[in-house]
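> build the 3D model from these lines:
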Amino acid sequence: MPVLSSGRRIEYSLDRFHALLARMPLAEAERTVAALKEPNDLLYVLDVVEFDQNGEPYFANVMAHQFELYAMSWPTEDQDALVTWIESETATYYRSVAIREIHDMVREVAERSQTLLQAA
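Alright, predicted model coming up:
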């Protein structure tokens, strides 16, 4: 995400979603990941990350799908830039890639689990 006209810097993180998946039973993780099909589906599991005055990142405790409500108090230019970026081909492409990688990760875990069960 580029720096907005006001200087605000916003990024997104899947770190907490990955941590959640790692704690779930495999079948539940598979069901959760199966719901991620379209690029915008990822907006429901992407954490918004902001940066303080020292440049340190922090979780804003809001998910990316809530961006319009979250940004209501921002300057109009920042709101427009955020919407433009979220809807851009580049951002959409990277969300698609992330979904494929998440599906692949869970599939690999399932395959390894199955192999271990067969070996036992």
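
> where does the spatially most central residue of the chain land on pLDDT?
Centroid-nearest residue in the chain: Leu46, 2.6 Å away (criterion: Cα atoms, centre = their mean). Model confidence at Leu46, given as pLDDT, is 96.

> for Leu117, same thing?
pLDDT, read off for Leu117, is 64.

> please verify my assumption that Leu4 contacts Ala81.
Yes. Between Leu4 and Ala81 a contact is recorded at 5.2 Å, counting by Cβ atoms under 8 Å. Using the backbone N, CA and C atoms, a C-beta is placed for each residue, glycine as well.

> tell me the pLDDT at the nearest residue in space to the residue nearest to the centre of the chain that is not next to it in sequence?
Once flanking residues are discounted, Leu46 sits nearest to Ala64: 3.9 Å by Cβ to Cβ, 6 or more residues apart in numbering. On the pLDDT scale, Ala64 is placed at 94.

> got the contact list for stretch 95-109?
14, 21, 26, 29-30, 33, 36-37, 39-43, 46 (Cβ atoms under 8 Å, 6 or more residues apart in numbering).

> stretch 43-55 now?
So stretch 43-55 is contacted by 8-17, 36, 57-60, 62-67, 70, 86, 95 (Cβ under 8 Å, 6+ apart).

> tell me which residues in that stretch are buried?
Leu43, Val45, Leu46, Asp47, Val48, Val49, Glu50 (16 or more other Cβ atoms under 10 Å).

> for Met105, grab the count of nearby residues.
For Met105, the neighbour count with other Cβ atoms under 10 Å is 15.

> distance of it from Glu28?
Counting by Cβ to Cβ, to the nearest Å, the gap from Met105 to Glu28 is 15 Å.
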